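Visitor: prediction below, plus the sequence it came from.
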Amino acid sequence: MRVILFGGAGYIGAHVALEFLKRGDEIGIFDNLSTGLRENVPGEAKFYKGDILNKEEVAKALSDGWDIAIHLAAFKAAGESMMSPEKYAENNIAGSLNIITGCLKSGCNYFVLSSSAAVYGEPKYIPIDEEHPKDPENYYGFTKLEIERNLEWFSKLKGLRYASLRYFNAAGYDTDGKMTGLEKNPANLLPIIMETAMGMREKIVIFGDDYPTPDGTCIRDYVHVTDLARAHVMASDYIREHDENLIVNLGSENGISVLEMVETAKKITGRNFKSEIGERRKGDPAKLVASSKKAYEKLGWKAEKSDIKTLLESTYKVYLKNEKK
């Protein structure tokens with residue numbers, strides 16, 4: 001299979017590329033390297049340096065003839081999206097439409113979207129399944145929902161087949177040690193914890209300790225990035241073999257609080273870094289935990305590496321490697 005990954009030099013994209021390469025697929029990577037890393041692009045991949053906001057660059061890459069497009073090029077910081085919605089509107093919505101329409105023009109009729117549990121907003125029930133109401137709490141989640149809605153329409157009108165993979169919290173690193181590039185300006189909990197542990201940050205601020213959870217901090221469902229990457233391969237095969245669309249949650253089905261993650265990280269790293277409680281962050285639901293039953297039923301997928309120990313140890317190893325460079 002010939003697969004082009006938009007945003008394939010980023011943290012998640014690089015792991016997805018690795019999974020396709022493991023089974024011998026041919027891949028292309030399209031990335032503007034604003035957050036992705038050139039070192040994450042494997043030598044056997046065809047690399048296109050370009051921006052999804054540039055229709056001509058997108059069209060040129062797609063003209064090389066690809067079986068399926070994987071879209072991982074959206075901005076993803078929920079907090080930032082509440083302060084700079086125009087940035088997220090342009091990149092995530094307009095940029096995604098450029099990829100979708102470019103695919104259709106080039107004859108690439110299969111599409112996998114890196115979506116998000118942020119489409120659900122504050123949970124009405126736990127665990128969250130795919131039928132849960134969609135009411136995003138932040139603008140980032142809104143953009144992901146809009147991309148999904150556009151995919152639904154383009155499927156109806158143009159015959160595009162797509163999979164929307166609603167990640168919960170991606171974390172961890174490739175346990176085989178092949179992926180060593182650190183994220184640029186990370187906004188997610190685990191890399192921020194590690195940057196603090198390594199002395200790259202003075203402290204970690206926990207946003208609120210007065211949520212209705214056992215320790216007062218937000219609870220999230222963390223899923224190992226390699227588990228996520230496997231799901232992209234499975235979903236790609238599914239929509240091509242069954243000629244039908246797919247929307248599934250990808251989560252571990254377990255909740256870990258922010259405080260639990262911080263305290264466990266201190267034990268695993270042996271570094272007693274500074275953490276403090278700050279104000280709540282706008283747009284943060286108290287608890288998000290997935291039901292991944294549908295992903296198991298449709299794909300045979302389940303999280304295999306998403307325990308807290310593997311998440312933290314695999315991340316710490318990469319930060320140690322980079323410290324020694």
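Guide: Perfect, I can see it now.
Visitor: which residues are in contact with the closest residue to Val119 other than its chain neighbours?
Guide: In space, and not counting its chain neighbours, Val119 is closest to Leu145: 4.4 Å by C-beta to C-beta, 6 or more residues apart in numbering. Any C-beta I mention is one placed from the backbone N, CA and C, and that applies to glycine too. Listed by C-beta atoms under 8 Å, 6 or more residues apart in numbering, the contact set of Leu145 reads Val119, Lys134, Pro136.
Visitor: show the end-to-end separation of stretch 32-45, please.
Guide: 15 Å (C-alpha to C-alpha, to the nearest Å).
Visitor: buried residues, that stretch. List them.
Guide: Residues of stretch 32-45 classed as buried: Asn32, Leu33, Thr35, Gly36, Leu37, Asn40, Val41, Pro42, Ala45 (neighbour count, 16 or more other C-beta atoms under 10 Å).
Visitor: quick one: which of these sit in helices?
Guide: Judged by DSSP state H, helices contain none of those.
Visitor: what's around Lys317, how many residues?
Guide: 15 (other C-beta atoms under 10 Å).
Visitor: could you pull out the strands for the stretch 151-300 of the chain?
Guide: Counting by DSSP state E, counting those that start in this stretch, the stretch 151-300 of the chain has strands at residues 161-167, 169-171, 204-207, 219-220, 222-224, 246-250, 256-257, 275-278, 287-288.
Visitor: partners of the fifth one, with directions?
Guide: In its sheet, strand 222-224 lies beside strand 169-171 (parallel), with partners assigned from DSSP bridges.
Visitor: repeat for the last one
Guide: Strands adjacent to strand 287-288 in the sheet, as given by DSSP bridges, are strand 219-220 (parallel).
Visitor: tell me the confidence at the residue nearest to Val119?
Guide: As predicted, Leu145 sits at a pLDDT of 98.
Visitor: just to be sure, it is in a helix?
Guide: Yes - looking at Leu145 with DSSP: H, G, I helix; E, B strand; the rest coil, it is inside a helix.
Visitor: show me what the helix or strand hosting Val112 is packed against.
Guide: Taking DSSP states H and E as the definition, one finds Val112 inside strand 110-116. Here strand 110-116 touches strand 68-71, helix 95-106, helix 139-158, strand 161-167, helix 225-242, going by 3 or more C-beta pairs under 8 Å, 6 or more residues apart in numbering; DSSP states H and E.
Visitor: in the stretch 151-300 of the chain, where is pLDDT below threshold?
Guide: 283 (pLDDT under 70).
Visitor: ok so, going back, any chance of the strands of the stretch 151-300 of the chain in CSV, with mean neighbour count too?
Guide: Shown next, in CSV, are these (neighbours: other C-beta atoms under 10 Å):
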stretch, mean neighbour count
strand 161-167, 25
strand 169-171, 24
strand 204-207, 18
strand 219-220, 24
strand 222-224, 26
strand 246-250, 25
strand 256-257, 22
strand 275-278, 13
strand 287-288, 21
